[in-house]
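1. Sequence first, then the predicted structure:
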Amino acid sequence: MSSCCQSKVDAPGTFQELVQNIREIFSEPEINVEKTKQLMASYNSKPEEWEKYAMFDKNIPYSRNLVDEGNGKYNLLALCWNQGQGSSIHSHSNSHCFLKVLQGSVKEEMYDWPSDPKLKTEMVPRKVTIFEKNQCEYINDDIGLHRVQNPSLAEGMVTLHLYTPPFPTCKVFNPDTSEESVGKMVIHSRFGEKVTN
Ligand SMILES: N[C@@H](CS(=O)O)C(=O)O
Ligand SMILES: [Fe+2]
């Protein structure tokens, strides 16, 4: 096969292999965004391999479930979104954010940073994208802000997020006024065990 069309990363055979391969990529000093995206996209999602992490909670829009801490270098989380639910418009605290679709389709609205929050203007998405199962999306604060939604009213959605470096809070924006507040990155389960908050 000619080298032009060969994938640079081998597809992980299972979810556990994906978690392991991510560790290997991040043992290198430089973060390779394209390689990480390719690796995450190349895993063919099978629910039975990750369902122990996917703890839905019907009382909140979405739950955040820790899968791996990557030796303190990153957080890998499975997010479980109830039907029709989404996040607020938010930043990612100068970290890299990768989002892979494990189940369902993801609706992402991307926004510019408000030019002047004092103007209290309504925030309008600059782009709306649907990501299908297995796709991997990347965002950071230079690219912009976003809000993620499960557009399905029938089924829950599951996404796998990698944040490097990990961060405890982010900025959250009021869509009507572009006013900013602090959002806490709450963790609802760790390694398949519920966290009692
Ligand atoms: N960044 C959000 C999820 S998303 O909407 O990308 C979070 O970690 O809660
Ligand atoms: Fe996000």
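-> Perfect, thanks for sending it. Residues are numbered from 1 along each chain as shown. Ligands and ions are numbered 1, 2, ... in the order given.
2. Tell me who's in contact with residue 83.
-> Taking Cβ atoms under 8 Å, 6 or more residues apart in numbering as the criterion, residue 83 is in contact with 150, 152-156. Yep, even glycine has a C-beta here, placed from its N, CA and C like the rest.
3. Quick check: closest non-adjacent residue to residue 188.
-> Excluding the flanking residues, the one nearest residue 188 by Cβ to Cβ, 6 or more residues apart in numbering is residue 63, at 4.4 Å.
4. Next one: that neighbour from ligand 1, what distance?
-> Look at residue 63 and ligand 1: by Cβ to the nearest ligand atom, to the nearest Å, they are 10 Å apart.
5. Quick check: which element contains that residue?
-> strand 62-68 (DSSP states H and E).
6. Spell out which residues of this protein are next to ligand 1.
-> Along the chain, the residues adjacent to ligand 1 under the rule Cβ under 6 Å from any ligand atom are 64, 79, 87, 90, 99, 148, 161, 185.
7. Now render those residues as CSV, adding neighbour count and pLDDT.
-> Formatted as CSV, the residues of the chain next to ligand 1 follow (neighbours: other Cβ atoms under 10 Å; pLDDT from 0 to 100):
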residue, neighbour count, pLDDT
64, 19, 98
79, 21, 98
87, 18, 98
90, 19, 98
99, 22, 98
148, 24, 98
161, 20, 98
185, 16, 97
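8. where exactly do the helices run in the chain?
-> 15-25, 33-42, 47-50 (DSSP state H).
9. How far off centre is stretch 160-173?
-> 9 Å (Cα atoms, centre = their mean, to the nearest Å).
10. can I get the CA coordinates of it in PDB?
-> Coordinates of each C-alpha in stretch 160-173 appear next as PDB, following Å, rounded to 0.1, in the frame of the first residue of the first chain:
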ATOM      1  CA  LEU A 160     -15.300  10.700  25.500                       C
ATOM      2  CA  HIS A 161     -13.400  13.900  26.500                       C
ATOM      3  CA  LEU A 162      -9.700  14.300  26.900                       C
ATOM      4  CA  TYR A 163      -8.500  17.500  28.700                       C
ATOM      5  CA  THR A 164      -4.800  18.300  28.900                       C
ATOM      6  CA  PRO A 165      -3.700  19.700  31.300                       C
ATOM      7  CA  PRO A 166      -6.700  18.900  33.500                       C
ATOM      8  CA  PHE A 167      -8.500  22.000  34.900                       C
ATOM      9  CA  PRO A 168     -10.900  22.500  37.900                       C
ATOM     10  CA  THR A 169     -13.000  25.400  36.500                       C
ATOM     11  CA  CYS A 170     -14.000  27.000  33.200                       C
ATOM     12  CA  LYS A 171     -15.800  30.200  32.100                       C
ATOM     13  CA  VAL A 172     -19.500  29.900  31.500                       C
ATOM     14  CA  PHE A 173     -21.400  32.500  29.500                       C
END
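11. And that stretch, what's buried?
-> Buried residues in stretch 160-173, counted by 16 or more other Cβ atoms under 10 Å: 160-164, 166, 170-173.
12. Tell me how many other residues crowd the residue nearest to residue 114 when sequence neighbours are not counted.
-> Take residue 114 and drop its neighbours on the chain: the residue closest to it by Cβ to Cβ, 6+ apart is residue 178, 3.8 Å away. Number of residues near residue 178 (other Cβ atoms under 10 Å) recorded here: 21.
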